[in-house]
Each structure stands twice: as C-alpha cells, then as structure tokens.
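Asker: have a look; sequence and predicted model below, questions after that.
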Amino acid sequence: MAFAGEENGPKHSSDLADDDSLDSAPRSEPVVFLPVEDLDGVGPALKSKLNNAGIITVTDLAAKSPSEVADAIGSDLQRAADICECARQKLVELRYLGENFVSATEIYKRRKAIDRISTGSTNLDDLLAGGIETQAVTEFYGEFGSGKTQICHTLCVMVQCPMDLGGLSGKALYLDTENTFRPERIIGIAKSRGLDSARILDGIIVAKAYNSSHQELILGELGQQVRNNGIRLMLVDSAVAHYRAEFLGRGTLSERQQKLNKFMHTLVRAAEIYNIAVVVTNQVQASPDAYFGDPTRATGGHVVAHTSTYRVYIRKTGKNRIARIVDSPYHAEREAVFILNERGVDDPPDERSPRR
Ligand code: GTP
Ligand code: MG
C-alpha cells in the first residue's frame, strides 16, 4: 500500500509499537483508481474486454488472478500473467504496492499504517490487538448461536463510526449466504449506540448469494463497490455454507476444496489490494479424532484454515461468549470474554470501560 501524507501518524494502531522513532509512520492511502487503458499495451480492444469483465481499473486488474484475466480476455495464461504483472508494477511505481524486496523496518512501518475496526467489545478488540485489521481476512468460527452473525452485524455499524470511535468512516458490504442479515438488528444496534440508524442502514450494501457460483460472481464485483461506495469492510456470512451444501460426498470433495480455495485466495488478494478488512464466518463440525480439548473444528478444512490471516474460535459458556485466537503469527494465544446484547457485541457488565 502507498503511504502518503507522512506527517499524519496512525490514529488507530497504537498497539504495535513501543519504539517512538517509528511513530512518524503514515496512514494508509485510499485505493488508486487508474483506468486500465493507462497501462502500456492496453489498447481499445483489450480495454473493452477487460471492462466487460468488470475490470475497470489497474487495481481491479491487480486483484485478479492470471487465470481469471485469461478467461476475461480469451488469451493464454502467459499473456494474462504478463498483463497482471504490468498492473502490479504500475501500482509499485505509484507506491501503492511495495517492491518485491523490502526491509523489515519498512514492513513494520506499513503494518503501523494498517487501519482497525472495533468489534464493539474492548475485550475482543484487545484480543485482536486493536480490532479487525484491514488488508487481512479474519475468520470467526464457532457452533450455531455462538454469535458469528451478531459480530458481522455489529461490525457493519462500527466501521461507519469515525476513527476516534473505533471505525473507519467507511461502508460495509455484507455477502449473505444464509439469509440471516436483519436490518432491524442493525437499527437496534445503531440506536443502542446512540447513532443515526437511518444513516447506518444506508451505509450497508447487502448481496444475497443464492449458490456458490453466485457468491463468486458477487466477489468479482467487489472492485466496483469499493470504487463507487467507499467500502472498507466486506463480510461473508458464511463463506463455506454453499460449498458444503452443493458438493456432497467424497467424490466431490476435491472440486469443492479447489473452488473454496480460489474463493478464499481472491478474498485475501482483494483485502490487500483494495485496502479493506474482510471478515468471514465459518461453522464447526464434530471431530471424532480429537481426544483432548474441544472436539470441534472449523469446516472448510485446511483451505480456509490456511488462507485466513487470523482465526478466532468462539464458544458459548452460559450467557458469555469466549473468543480465542487460533494459530496467529502475531497474537498471543489467549482468550477474551464478551457478550451479546442490544448493542450487538459488548463487554460483560462488570468489565465495561467508558462506553463508545
Ligand atoms: P449460526 O449462523 O447458526 O451458525 O450461528 P451464529 O454464530 O451466527 O449465531 P448468531 O450470531 O445468530 O447468534 C445468535 C444469538 O445471538 C442468539 O442465540 C442470542 O443469544 C444472541 N442475540 C441475537 N439477537 C440478540 C438481541 O437482540 N439481544 C440479545 N441480548 N441477544 C441477541
Ligand atoms: Mg449465523
């Protein structure tokens, strides 16, 4: 990502550093919207093929895989890969993307510039080192009623708050695969938090996916949504359900995993290229071979587990919910307690700090 306006320190990522010398790290820059025809070698015919496939900007192009671009323009994979690389180079030139080789200090500065969205619970934010990160995919998994959909609803509200209230003043795109998005719930959460519920509702775009192909199609249009509507958060509730329902039996397992793999990788690329936070939910299934601990594991197998940047396991204990970060490259392995109430996600009453 590019880092302009170096005089502005990050407002919402104080958790990362105790070294003040790096505090001049810049904030992340909005997405670059350069039309594809600005790339060398993209003439009118190629532009029209790309545009027909919804690839309007250089950023859209960089967010696609060579095989998707090959399909869009009817070329071989090598030519498509060359075009994708050309788009990536352009974004490096514009300092929107980093060079192939950068120092760890530079990466550290960039990580400080990553924006975060509050979950609505200070405990859960602390567990996540400040909230849900942009440029990453965060997966929440847990059994039915554990609160995954409630987390998604609360985040739709929180992302629209200004930075000093834990948001990004941005909008949310909710990809609903289970028909569980409820505007009434959004209104309730917004009102309980003293926010203008009509404005908050207006800031959420809902896409209902009827099957896995439709889900993939909607993801393909994310670039336009980011460009036209200022999306900073994409939610996929749930990522795996359609794939599980459609690909039944062992015979279809490899096809299912292949498709799910592609979907998850596209999400990861989109999070980074469009500088948005992506949250996916996932169910659990009984795992009879687990002799110790909780005998459940996330669905979607290694594909989802290895692709999500951060994974949070949620379980119910009475009225409380317990979240645990699983296999994170940088978070401590610990747990946080939160509750679900009229404010959506919240801290237990006895642990509440001054309210947002
Ligand atoms: P599945 O999608 O079925 O796997 O479950 P989920 O993890 O998405 O669960 P969900 O987020 O839908 O959580 C449902 C739970 O949230 C309910 O059992 C309630 O405990 C809680 N909940 C939902 N709405 C409200 C509300 O308005 N007030 C309160 N206090 N709790 C609520
Ligand atoms: Mg749900």
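Answerer: Ah, there it is. Ligands and ions are numbered 1, 2, ... in the order given.
Asker: for ligand 1, what are the nearby residues on the stretch 251-356 of the chain?
Answerer: Residues of the stretch 251-356 of the chain found near ligand 1 (C-beta under 6 Å from any ligand atom) are 283, 340-342. Every residue, glycine included, has its C-beta placed from N, CA and C.
Asker: could you rerun that using 8 Å?
Answerer: The stretch 251-356 of the chain has residues 281, 283, 314, 339-342 near ligand 1, with proximity defined as C-beta under 8 Å from any ligand atom.
Asker: tell me which of the residues you listed fall in helices.
Answerer: Using DSSP state H, no member of those sits in helices.
Asker: which of those are buried?
Answerer: Buried by 16 or more other C-beta atoms under 10 Å: 281, 283, 314, 339-341, out of those.
Asker: what's the farthest-apart pair in these?
Answerer: Within these, Gln283 and Asn341 form the most distant pair, 23.1 Å apart (C-beta to C-beta).
Asker: who in the protein is up against ligand 2?
Answerer: Within reach of ligand 2 by C-beta under 5 Å from the ion, the chain has these residues: 148-149, 180.
Asker: top of these by neighbour count?
Answerer: Highest neighbour count within the residues of the chain next to ligand 2, by other C-beta atoms under 10 Å: Lys148, with 26 neighbours.
Asker: low pLDDT regions in the stretch 51-200 of the chain?
Answerer: Residues of the stretch 51-200 of the chain that meet the criterion pLDDT under 70 are absent altogether.
Asker: the strands in it, which residues?
Answerer: For the stretch 51-200 of the chain, applying DSSP state E, counting those that start in this stretch gives strands covering 116-117, 132-133, 136-142, 171-176.
Asker: in TSV: these, plus mean neighbour count.
Answerer: Listed next are the strands of the stretch 51-200 of the chain as TSV, based on neighbours: other C-beta atoms under 10 Å:
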stretch	mean neighbour count
strand 116-117	28
strand 132-133	24
strand 136-142	25
strand 171-176	23
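Asker: would you turn the ones you listed into JSON lines with distance to ligand 1?
Answerer: Formatted as JSON lines, those follow (distance: least, C-beta to the nearest ligand atom, whole Å):
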{"stretch": "strand 116-117", "distance to ligand 1": "17"}
{"stretch": "strand 132-133", "distance to ligand 1": "16"}
{"stretch": "strand 136-142", "distance to ligand 1": "6"}
{"stretch": "strand 171-176", "distance to ligand 1": "11"}
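Asker: hang on, isn't Leu34 packed against Asp60?
Answerer: No: using C-beta atoms under 8 Å, Leu34 and Asp60 do not qualify as a contacting pair, with a distance of 10.1 Å.
Asker: domain map for the protein?
Answerer: For the chain, automatic domain parsing gives the domain ranges 36-93, 114-351.
Asker: list the buried ones in the helix ranked longest in the chain?
Answerer: Counting by DSSP H, the longest helix found in the chain is helix 253-273. Neighbour-count burial for helix 253-273, counted by 16+ other C-beta under 10 Å, picks out 256-257, 259-264, 266-268, 270-273.
Asker: rewinding a little: of the residues of the chain next to ligand 2, which are in range of ligand 1?
Answerer: Intersecting the residues of the chain next to ligand 2 with the surroundings of ligand 1, defined as C-beta under 8 Å from any ligand atom, gives 148-149, 180.
Asker: check the residues you listed against Ala323 and report the nearest one.
Answerer: Minimum distance to Ala323 across these is 10.7 Å, recorded for Lys148 (C-beta to C-beta).
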